[in-house]
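Trainee: Need the 3D shape of this:
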Amino acid sequence: MNFTNIYNRLILMMLAVLVVSFTACSNDDDDNAGSVLLEAYGPSPALRGSQLTFIGKNLDKVTKVILPDDIEITEIEVISSEKIKVTIPQNAAEGYVKLITPNGELTSKTLLTYTEPISISSIAPSPVKAGQTLTIEGDYLNLIQKVIFAKDVEVTYKDFLTWERGKIEVTVPDKAQTGTIILADTAAIPIELESEIELQIVLPSVEQIVDLTNKKPGGLIEFTGSDLDLVKYVILPDGAAGDTVDFKVENNKLSFTITAGVTDGVVVMVPASGVHVSIANIGMAIPTELVATPSTNIRTGTVITITGVNMDLVTNVTFPGVEDSVDPSSQSGTEIKVTVPEGTISGNLTLNTASGNSATIAVTTLKPAVTSYSPSSVPAGESVTLNGTNLDLVAKVTFGGNKTVEVTPASATSLVVAVPVDAESGALTLTMKNGETITSPSLTVTKPEFCYIPVLPGDDEEIKSGTILTISVENGDKLTGVQVNGTNVQYILQGNTLSISVPSSASGNTNFKLISSNGDVTYSIYVINSAVVETIIFQGPLAITWSDGGRAILSISDFENLRAGAILKLYFTQNDNWGQLQFNYGNWVNMPFDEIGGVYLTTDVLGDKSIKEYELRLTQEGLDNIRDKTSEGYGIIIQGSDFTIDKISIITGR
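Mentor: Here you go, the predicted structure:
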């Protein structure tokens, strides 16, 4: 059959299929939502053994397809609600097609007819390599217009090397993969004939998947294999972020150099088809045989020498208790030197590598030690000297009764500490600057010999300015005077009861000093100012916005000495538009208030455009959060829109 006859015959077939596509429709013309509608089916003429496609609406509801004569098909491939497919059996006859649905039966308006029996008798060679010629033999292959390889890789008739009734020859595309092949025409609803067996596509291969361990960047890797000319890419594990690596193929050998950043994992080679072929499991080298000198009694500034194997792989070192890593000050293949950073604690020192692998070695820090106390028995409120070694590492001393004193050591061998007046006898706990703790010998603490307050007022007791503070004391016979914030005040001592006149000017954390003939002691006691005091902490006017320059920033210092119940008062002007103010802590975490039901003061909350001021009560939880969530010296940050803040104040004494 010459090419002109083939072409004319194909044109006639395409016209026939188009007629079916536009005339074959359902007896059911109901277009209601949910109804099954058949709009077209094909191909017709069709090929027995190929697929028959139906197009319409809600076809996913079809339960059965009946082909002439009464051949029931229930294996239906649902492409979508608008397309389904069934395979035509070899014994199917010509006639009308029926679709069975939950709502009834639909019958096509056109006959299903059949074309010549296109067939495949052989596909060779298999396996076949990309670029080689594939020969397909059978009958009526002159009706086929394209060969479809796995993954929808097509070769059309324009690229056929041979196109005859009994044979088609094509060049295997680079992207072809192993799988069945499909012979098809180019109709809107095409004839499709799928091969019964898979065509095997040759992939590059290695003699065996190699286990590569203890490899280092810069190392040369070489494999022997077959069909390596097909390789387009070599991909290293995730450490290289999936990047390809330069490689070379010569004499059936593939070689490449390990790049920096490669992690443990699988190395693959990839042909044009995109199929990943594993060639090696790679394990990157890590530092081993580690010895740290010194590994004990280290402290901030100590230079540690770490020797071992593969030390040139170390990128940085992470010390226990320290978040930031430290770069080596010197490095070779067998040794690194690194300086101990501030905050290091005892634990595992980690050597990090570019591959993400790491190695650890244990280190312990130098510890302070107390050998004696001077005096060995000390009255509370007086000073005691701790004698020992490495005491310059101490940041805090905790006495019996869980009373902690912060210290600033002046010497490594002695440390003078003021004993809290409410301290008790017992072992001392030394807290190092890095947070580690050490228990020291027991210290005998006797009661103070000067006048002191054994039990301070509780947090729930309100002490107001301009009133009398009455409190129990011990050793009252030694008392010679009382000062409040450095000023002498009147007092009355009756037995163990001391009454102190609290100045009307006292407010917030206030120093009360009891002066005795044999010493003195100072206490910080919170005083509520009896008078209502309003302190301006922000002065406007400021048009509030959501950006820098339009935010009201309240300093953390304005909230440090406040107690629960203080009032944050805002003075403002509302603009014509709907407005809002958002409250945030200094670290930008939202700050809620009960009065406004959240973090926004809005036009809706106010309910009246004429309102020009609003009060928010500061709770203990809110004050604690302000202090805990501060950042860059900020206590509260207010932003929003369509408000102009005139000023902000804090009111105490209500």
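
Trainee: got a list of what Leu366 touches?
Mentor: When contacts are counted by C-beta atoms under 8 Å, 6 or more residues apart in numbering, Leu366 touches 297-299, 390, 393. Placement of C-beta: from N, CA and C, glycine included.

Trainee: Just the buried ones from the residues you listed, in ChimeraX syntax?
Mentor: Buried members of the contacts of Leu366 can be picked out in ChimeraX with the line below, counting by 16 or more other C-beta atoms under 10 Å:
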select :298,299,390,393
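
Trainee: Looking at the contacts of Leu366, which one is closest to Tyr96?
Mentor: Ile298 (91.8 Å; C-beta to C-beta).

Trainee: my guess is the closest one meets Thr364, correct?
Mentor: Yes. Taking contacts as C-beta atoms under 8 Å, Ile298 lies within contact range of Thr364: 7.2 Å.

Trainee: show me where pLDDT drops low in the stretch 551-654 of the chain?
Mentor: Scanning the stretch 551-654 of the chain with the threshold set as pLDDT under 70 gives 654.

Trainee: and with 90 instead?
Mentor: Residue ranges of the stretch 551-654 of the chain with pLDDT under 90: 560-565, 576, 652-654.

Trainee: all strands for it, in order.
Mentor: With DSSP state E, counting those that start in this stretch applied, the stretch 551-654 of the chain shows strands at 552-555, 567-574, 580-585, 600-602, 613-617, 634-641, 643-652, listed in chain order.

Trainee: How about the stretch 301-450 of the chain?
Mentor: 303-309, 314-318, 330-331, 335-339, 347-353, 358-363, 369-374, 377-379, 383-389, 394-400, 403-406, 414-418, 424-432, 437-446.

Trainee: Make JSON lines out of these and add mean pLDDT, mean neighbour count and distance to Arg551.
Mentor: Formatted as JSON lines, the strands of the stretch 301-450 of the chain follow (pLDDT from 0 to 100; neighbours: other C-beta atoms under 10 Å; distance: least, C-beta to C-beta, whole Å):
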{"stretch": "strand 303-309", "mean pLDDT": "95", "mean neighbour count": "17", "distance to Arg551": "47"}
{"stretch": "strand 314-318", "mean pLDDT": "96", "mean neighbour count": "19", "distance to Arg551": "38"}
{"stretch": "strand 330-331", "mean pLDDT": "94", "mean neighbour count": "14", "distance to Arg551": "48"}
{"stretch": "strand 335-339", "mean pLDDT": "96", "mean neighbour count": "18", "distance to Arg551": "42"}
{"stretch": "strand 347-353", "mean pLDDT": "95", "mean neighbour count": "19", "distance to Arg551": "40"}
{"stretch": "strand 358-363", "mean pLDDT": "95", "mean neighbour count": "17", "distance to Arg551": "43"}
{"stretch": "strand 369-374", "mean pLDDT": "96", "mean neighbour count": "15", "distance to Arg551": "51"}
{"stretch": "strand 377-379", "mean pLDDT": "91", "mean neighbour count": "17", "distance to Arg551": "53"}
{"stretch": "strand 383-389", "mean pLDDT": "95", "mean neighbour count": "17", "distance to Arg551": "48"}
{"stretch": "strand 394-400", "mean pLDDT": "95", "mean neighbour count": "20", "distance to Arg551": "37"}
{"stretch": "strand 403-406", "mean pLDDT": "92", "mean neighbour count": "13", "distance to Arg551": "35"}
{"stretch": "strand 414-418", "mean pLDDT": "94", "mean neighbour count": "17", "distance to Arg551": "43"}
{"stretch": "strand 424-432", "mean pLDDT": "95", "mean neighbour count": "18", "distance to Arg551": "39"}
{"stretch": "strand 437-446", "mean pLDDT": "94", "mean neighbour count": "16", "distance to Arg551": "42"}
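
Trainee: Distance to Val521 added to the ones you listed, as TSV?
Mentor: Shown next, in TSV, are these (distance: least, C-beta to C-beta, whole Å):
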stretch	distance to Val521
strand 303-309	46
strand 314-318	46
strand 330-331	55
strand 335-339	44
strand 347-353	41
strand 358-363	43
strand 369-374	21
strand 377-379	11
strand 383-389	12
strand 394-400	15
strand 403-406	13
strand 414-418	10
strand 424-432	16
strand 437-446	14
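
Trainee: looking at those strands, which is closest to Val270?
Mentor: Using C-beta to C-beta, the nearest of the strands of the stretch 301-450 of the chain to Val270 is strand 347-353, at 26.9 Å.

Trainee: Return the list of helices and strands in contact with that closest one.
Mentor: Counting contacts by 3 or more C-beta pairs under 8 Å, 6 or more residues apart in numbering; DSSP states H and E, strand 347-353 packs against strand 303-309, strand 314-318, strand 358-363.

Trainee: Need these in TSV (columns: distance to Leu203).
Mentor: Formatted as TSV, the helices and strands packed on strand 347-353 follow (distance: least, C-beta to C-beta, whole Å):
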stretch	distance to Leu203
strand 303-309	38
strand 314-318	37
strand 358-363	36
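
Trainee: Which among the ones you listed is found nearest to Gly34?
Mentor: strand 358-363 (61.3 Å).

Trainee: out of the contacts of Leu366, who's nearest Thr107?
Mentor: Ile298 (90.4 Å).

Trainee: quick one, what contacts the closest one?
Mentor: Ile298 neighbours (C-beta under 8 Å, 6+ apart): 304, 340, 344, 363-366.

Trainee: do Pro454 as well
Mentor: Contacts of Pro454 by C-beta under 8 Å, 6+ apart are 422, 472-474.

Trainee: List only those of those flagged as buried.
Mentor: 422, 473-474.

Trainee: Report the spatially nearest residue to Lys647, omitting neighbours in sequence.
Mentor: Sequence neighbours aside, Tyr571 is the residue nearest to Lys647 in space, at 4.8 Å (criterion: C-beta to C-beta, 6 or more residues apart in numbering).

Trainee: give the contact list for the one you found.
Mentor: 540, 612-613, 645-649.

Trainee: JSON lines for the contacts of Ile298, including distance to Val605?
Mentor: Putting the contacts of Ile298 into JSON lines (distance: C-beta to C-beta, whole Å) gives the following:
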{"residue": "Ile304", "distance to Val605": "60"}
{"residue": "Val340", "distance to Val605": "55"}
{"residue": "Thr344", "distance to Val605": "51"}
{"residue": "Val363", "distance to Val605": "58"}
{"residue": "Thr364", "distance to Val605": "59"}
{"residue": "Thr365", "distance to Val605": "55"}
{"residue": "Leu366", "distance to Val605": "59"}
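
Trainee: can I see the domain layout of the protein?
Mentor: Domain assignment of the chain by the TED database yields the ranges 37-112, 119-199, 205-284, 288-363, 369-446, 467-527, 533-652.

Trainee: residue contacts, the nearest residue to Thr389 once chain neighbours are set aside?
Mentor: Spatial nearest neighbour of Thr389, chain neighbours left out: Ala369 (5.1 Å); criterion: C-beta to C-beta, 6+ apart. Residues in contact with Ala369 (C-beta under 8 Å, 6+ apart) are 388-390, 438, 440.
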